[in-house]
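> Generate a structure from the sequence data that follows.
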Amino acid sequence: MKAIIAPSLLSGDFAILAEECNRMLDLGADYLHMDVMDGHFVDNLTLGAPIIKSLRKHTKGFLDCHLMVSEPEKWVDDFVEAGADSYCFHFEATKDPESIIRKLNKTKTGAAISIKPKTNVEVLKPILDN
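You can find the predicted model right below:
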């Protein structure tokens with residue numbers, strides 16, 4: 001099994017973010033990890049779909065978007081249209097995680113589910129069984 005290197009762009013210089021993305025790829029990164037926070041699901045507020053759209057024009061890197069947002073189903077279309085390659089959302093942030101997965105499976109965007117550390121992993125079993 002090959003490890004995947006996916007540096008978080010939150011540690012980059014936002015004034016030259018596209019340049020930072022390409023530098024990470026040149027140094028061997030496989031993915032570019034984007035932590036997207038809405039200030040509701042988590043306290044912090046970070047980049048959104050417009051930044052992803054802008055970066056997509058300037059990098060060929062795999063844009064791995066981790067959405068730590070409330071109601072992630074509201075953001076699927078925006079991130080798919082912006083050029084995200086994968087869309088990871090939190091189980092706890094939505095009432096219907098399976099509908100998000102179905103929607104993403106209709107696109108070329110990969111789907112992933114994340115859980116908070118205190119959430120029992122068993123909550124994912126019904127989703128995995130389907």
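
> Every contact and neighbour count from this point should use C-alpha atoms.
Noted.

> His66 and Met1, how far apart?
Distance of His66 to Met1, given as CA to CA, to the nearest Å: 23 Å.

> okay, these two: which has more neighbours?
Between His66 and Met1, His66 has the larger neighbour count (other CA atoms under 10 Å), namely 20 against 3.

> How about the secondary structure of that one?
Taking DSSP: H, G, I helix; E, B strand; the rest coil as the rule, one finds His66 in the strand state.

> need the contact list for it.
Contacts for His66 (CA atoms under 8 Å, 6 or more residues apart in numbering) come out as 33-36, 87-89.

> Same check on Thr94?
Shown in contact with Thr94 (CA under 8 Å, 6+ apart): 70-73.

> Repeat the analysis, applying 10 Å as the threshold.
Contact analysis of Thr94 by CA atoms under 10 Å, 6 or more residues apart in numbering lists 69-74, 100.

> just Thr107 next, same as before
Neighbour list for Thr107: 77, 80, 85 [criterion: CA under 10 Å, 6+ apart].

> so what's the second one scoring on pLDDT?
Right, the one you point to is Val80. Val80 is assigned a predicted lDDT (pLDDT) of 95.

> That one: which element?
helix 76-82 (DSSP states H and E).

> C-alpha coordinates for that helix, CSV please?
In CSV, the C-alpha atoms belonging to helix 76-82 read as follows (Å, rounded to 0.1, in the frame of the first residue of the first chain):
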residue,chain,number,x,y,z
VAL,A,76,-22.0,19.8,-3.0
ASP,A,77,-22.9,21.5,-6.3
ASP,A,78,-20.7,24.5,-5.6
PHE,A,79,-17.6,22.4,-4.9
VAL,A,80,-18.2,20.1,-7.8
GLU,A,81,-18.6,23.1,-10.1
ALA,A,82,-15.5,24.7,-8.6
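
> Cool, thanks, talk later.
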